[in-house]
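Q: structure, please.
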Amino acid sequence: MENSKQMRKWLDDMNLSHPLVIAGPCSAETEEQVLKIAHELKDTDVNYFRSGIWKPRTRPGNFEGVGAIGLKWLQKVKEETGLKTATEVANKAHVDLALEHDIDLLWIGARSTVSPFIVQEIADALKGTDKIVLVKNPVNPDLSLWLGAVERLYSADIKNLGVIHRGFSTYEKTKYRNIPEWQLAIELQTKFPDLPIINDPSHITGNRDMIFDVSQTALDLNFDGLIIETHYDPDNAWSDAAQQVTPKTLIQIMKDLRIRKETDEEAEYNNNLSNLRAQIDILDNQLVDLLGKRMKVSDGIGALKKQKNVAVLQSNRWNAILGNMILEGEQRGLSEEFVLKMFKAIHQESINHQEKIINS
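A: Just a heads-up that it's a prediction; the model follows:
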C-alpha cells in the first residue's frame, strides 16, 4: 500500500465538518422499519444509512437477515431521503447484488476478515470498483490479518478503502461485548496514518448506555468516524437489541461529543495532548486489569502453599524476579529506581494476598 494517501481521498472529498457517521438498524426487518428509521435520520449528521441484509449468526436458527429484498428497501431510502446507503457483504453473490442495487458503501465483517479466501473472493468481485469498501477487524486481535485483508482489496485496484474497529472477542467476561484493544488500533494508525479508521461502539460495547463513552474515546484518538446501530424501537429489534440506540439518542450523542478541530497551533496542541492522554488512560486500565489477574495467580500460589505448609516468602525466587525485571526495564527506558519501587509494591501486595489465604 505504497500510495496509501489515495485511500483518504474519498473521505477528504466529502469535506465534512464533523466525523463521518454511519447509522441505521443492525438488521433490515421490514420495509416500513427501514424507511421509518431512515426518515428520522434524514437531515442529521448521518452520512450513510446502514442496514444488515445478510446477518452471519454464531448459531443456526437465529434471524439471518431478509436477504436481497432488503436491498430494494435501501434503494427506496436513497430515493426518499437522499441518504447514501451501506451494508455488509460476505461473498461474491452479496457483492454482485449490492452493486446491482447501487449500494454506496460496503463493509466486510469480522467473521469474513479472518478468512483470506473469502476476502480474496470479495476483492475479485469488486475489482476496480469506485465504491467505498471498509474492512472490519478480524474477530481475534491480529493486526497482520486485518492489514492483509486491506492489501488484498488494494491489490484489486480498489482505492476507496478504510477500516472499522469493532473490538475483539475474548473468552473472559468483561464489561465489553468485544474488548476494544485500543493499542492495536493505535498501532494501525501509526503504520498507516492515511487509512481512514471508523469506530464501531455498538459492537464493542454491546450496551447502548456505553456508546457515548466509547465514541468519545475514539474521537480523542483521532478516529475518522463512527458506525452506530440505530433503531426506533431498540428493545424489540430482531437482532442485537441491547446495543442499538434510538435516532433521538443518536442525535443527542452527536451533539454532546467533543469534536476537536485543528484550527491553530494551540488547538493542535490540545488535540495532540487529548490524544496522548486518552492513550495513557487506556494503558492504565490495562495495567490495573493485568495486576488484578496477577493477584489472582498469587491467590492460587497462596492456596497451594497453605496446603503444603510452605512459607510465603521465597527469597531466591524474589531476587531472581527483581534482577530480571530491572534488566527488562532498562531495555524499555525505565530507571532501576522506578522498577524497584514498582515491583516491591507488587511483591508486597502479592505477599498480603498469600498471607490472607494462609491465615484464613
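
Q: contacts and neighbour counts: CA atoms only from here.
A: Will do.

Q: helix/strand/coil for residue 222?
A: Following DSSP: H, G, I helix; E, B strand; the rest coil, the label given to residue 222 is coil.

Q: assumed residue 228 was part of a strand.
A: Yes - according to three-state DSSP, residue 228 belongs to a strand.

Q: next helix or strand past the lowest-mean-pLDDT helix or strand in the chain?
A: Scoring the helices and strands of the chain by mean pLDDT, DSSP states H and E places helix 5-14 at the bottom, with a mean of 86. Downstream of helix 5-14, the next assigned helix or strand under DSSP states H and E is strand 20-24.

Q: partners of that next one in the sheet?
A: Strand 20-24 has the following strand partners under DSSP bridges: strand 48-50 (parallel), strand 225-229 (parallel).

Q: which outside residues touch the shortest one?
A: If you take C-alpha atoms under 8 Å, 6 or more residues apart in numbering as the criterion, strand 48-50 is touched by 21-26, 38, 83-87, 105.

Q: the last one now?
A: Contacts with strand 225-229, where a contact means C-alpha under 8 Å, 6+ apart, come from 19-26, 197-202, 215, 219, 243-245.

Q: ok so, going back, residue 224: which of the contacts of strand 48-50 is nearest?
A: Of all the contacts of strand 48-50, residue 21 has the smallest distance to residue 224: 9.1 Å, by C-alpha to C-alpha.

Q: where does the residue nearest to residue 65 when sequence neighbours are not counted fall, phi/psi-wise?
A: Nearest non-adjacent residue to residue 65, counting by C-alpha to C-alpha, 6 or more residues apart in numbering: residue 54, 4.6 Å away. Taking degrees, to the nearest 10, you get phi -120, psi 130 for the backbone angles of residue 54.

Q: so residue 54 makes contact with residue 67?
A: Yes - using C-alpha atoms under 8 Å, residue 54 is in contact with residue 67, at 5.6 Å.

Q: and the two? Which one has more around it.
A: Applying other C-alpha atoms under 10 Å to residue 54 and residue 67 shows that residue 54 carries more neighbours, namely 20 against 13.

Q: what residues does the more buried one make contact with?
A: Residue 54 makes contact with 64-67, 88-89, according to C-alpha under 8 Å, 6+ apart.

Q: residue 126 too?
A: 95, 156, 158.

Q: among the residues you listed, which ones are buried?
A: 95, 156, 158 (16 or more other C-alpha atoms under 10 Å).

Q: the first one touches residue 89, doesn't it?
A: Yes - taking contacts as C-alpha under 8 Å, residue 95 lies within contact range of residue 89: 6.0 Å.

Q: before we move on, back to that, of the contacts of residue 54, which belong to strands?
A: If you go by DSSP state E, those have 88-89 in strands.

Q: between the contacts of residue 54, which is nearest residue 15?
A: For these, the nearest to residue 15 is residue 88 (24.7 Å; C-alpha to C-alpha).
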